[in-house]
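Participant: From the sequence below, what's the structure:
(2 chains)
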Amino acid sequence: AQTVTQSQPEMSVQEAETVTLSCTYDTSENNYYLFWYKQPPSRQMILVIRQEAYKQQNATENRFSVNFQKAAKSFSLKISDSQLGDTAMYFCAFMKHSRGGMLTFGGGTRLMVKP
Amino acid sequence: NAGVTQTPKFQVLKTGQSMTLQCAQDMNHEYMSWYRQDPGMGLRLIHYSVGAGITDQGEVPNGYNVSRSTTEDFPLRLLSAAPSQTSVYFCASSFTGTSGRHEQFFGPGTRLTVL
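Facilitator: Residues are numbered from 1 along each chain as shown, chains lettered A, B, ... in the order given. Below is the predicted model of the structure:
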């Protein structure tokens, strides 16, 4: 079974600064996907960024980027130029390549962006 | 497209009552899933489906039944509600796509309280 661990229950950052959220996972699979989801107070789950394990290049989506270290089983999220709207819970998630529809989530990190 | 819809948004049950949480998607997605989110925790997979007529158990299936008679609908049944089932329930759908990429689309959630 896979496990996903987010070791930072809460973090805060000043507006316009950069913050990094940590995620580690444990799996014996070689082919899989990793995701970061954002959950604002509205509780809607919003996909932030996706990484395919077979790709060595780190994924980037505008102000969001990841540092994917496959050997270390680490998948951190960097948010640049933090905005007040980034305040939310952030969840790291794992999915086997052959198991569409089956995500394993970490416990989440609550991020507060301060003005 | 309406995306993934869930009804009801809120529900209060008494211990022992049964009910069905409805989930529908209009994107012709092959995969559908049910998750529960307990306070301060990540989402945990209850049941999932890889297509009409095919369902399987996730991490926390006890006390819940599912069926998938159509591609669009994936209802979750609570057989005899217990206070431990107080949670927020999310339905999600996803597809593989021609590139093999997966993205799960989440519904808005149902907040269930069992007294």
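Participant: How about residue A:15: what's its closest non-neighbour residue?
Facilitator: Nearest residue to residue A:15, sequence neighbours excluded (CB to CB, 6 or more residues apart in numbering or on different chains): residue A:115, at 5.3 Å. (Glycine included, C-beta is placed from N, CA and C.)
Participant: Show the average pLDDT along stretch B:78-94.
Facilitator: Averaged over stretch B:78-94, pLDDT sits at 95.
Participant: mind checking the end-to-end distance for that stretch?
Facilitator: End-to-end span of stretch B:78-94 (CA to CA, to the nearest Å): 23 Å.
Participant: For it, which residues meet the burial criterion?
Facilitator: B:78, B:81, B:85-94 (16 or more other CB atoms under 10 Å in any protein chain shown).
Participant: now the residues you listed as TSV including secondary structure and distance to residue A:73?
Facilitator: What follows is these, written out as TSV (DSSP: H, G, I helix; E, B strand; the rest coil; distance: CB to CB, whole Å):
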residue	secondary structure	distance to residue A:73
B:78	strand	36
B:81	coil	38
B:85	helix	33
B:86	coil	33
B:87	strand	29
B:88	strand	29
B:89	strand	30
B:90	strand	26
B:91	strand	29
B:92	strand	24
B:93	strand	28
B:94	strand	23
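Participant: Greatest separation within the residues you listed: which pair is it?
Facilitator: Longest distance between any two of the buried residues of stretch B:78-94 is 28.0 Å, between B:81 and B:94; criterion CB to CB.
Participant: residues contacting the most centrally placed residue in chain A?
Facilitator: With distances taken as CA atoms, centre = their mean, the residue of chain A nearest its centroid is residue A:36 (3.1 Å). Under the criterion of CB atoms under 8 Å, 6 or more residues apart in numbering or on different chains, the neighbours of residue A:36 are A:21, A:23, A:47-49, A:64, A:66, A:75, A:77, A:90-93.
Participant: Leaving out sequence neighbours, find the closest residue to residue 10.
Facilitator: As the question left the chain open, I've gone with chain A. Using CB to CB, 6+ apart and skipping the chain neighbours, the partner closest in space to residue A:10 is residue A:110 (4.6 Å).
Participant: Not quite, go with chain B.
Facilitator: Spatial nearest neighbour of residue B:10, chain neighbours left out: residue B:111 (5.1 Å); criterion: CB to CB, 6+ apart.
Participant: got it, and residue B:35?
Facilitator: Distances taken as CB to CB, 6+ apart place residue B:43 nearest to residue B:35, at 3.9 Å, with adjacent residues excluded.
Participant: so that neighbour makes contact with residue A:106?
Facilitator: No - the pair residue B:43 / residue A:106 is not scored as a contact, 9.8 Å apart, by CB atoms under 8 Å.
Participant: For the two, work out which one has more neighbours and name it.
Facilitator: Under the criterion of other CB atoms under 10 Å in any protein chain shown, the comparison of residue B:43 against residue A:106 puts residue B:43 first, with 29 against 26.
Participant: what separates that one from residue A:89, distance-wise?
Facilitator: 11 Å (CB to CB, to the nearest Å).
Participant: Give me every residue in chain B that's in contact range of chain A.
Facilitator: B:30-33, B:35, B:40-45, B:48-50, B:58-59, B:88, B:90, B:92-96, B:100-104, B:106, B:108-109 (CB under 8 Å from any CB of the partner chain).
Participant: Return the closest of the buried residues of stretch B:78-94 with respect to chain A.
Facilitator: The nearest member of those to chain A, counting by CB to the nearest CB, is residue B:94 at 5.4 Å.
Participant: so what's residue A:12 up against?
Facilitator: A:111-114.
Participant: at 10 Å instead, please
Facilitator: Neighbouring residues of residue A:12 by CB atoms under 10 Å, 6 or more residues apart in numbering or on different chains: A:19, A:82, A:87, A:110-114.
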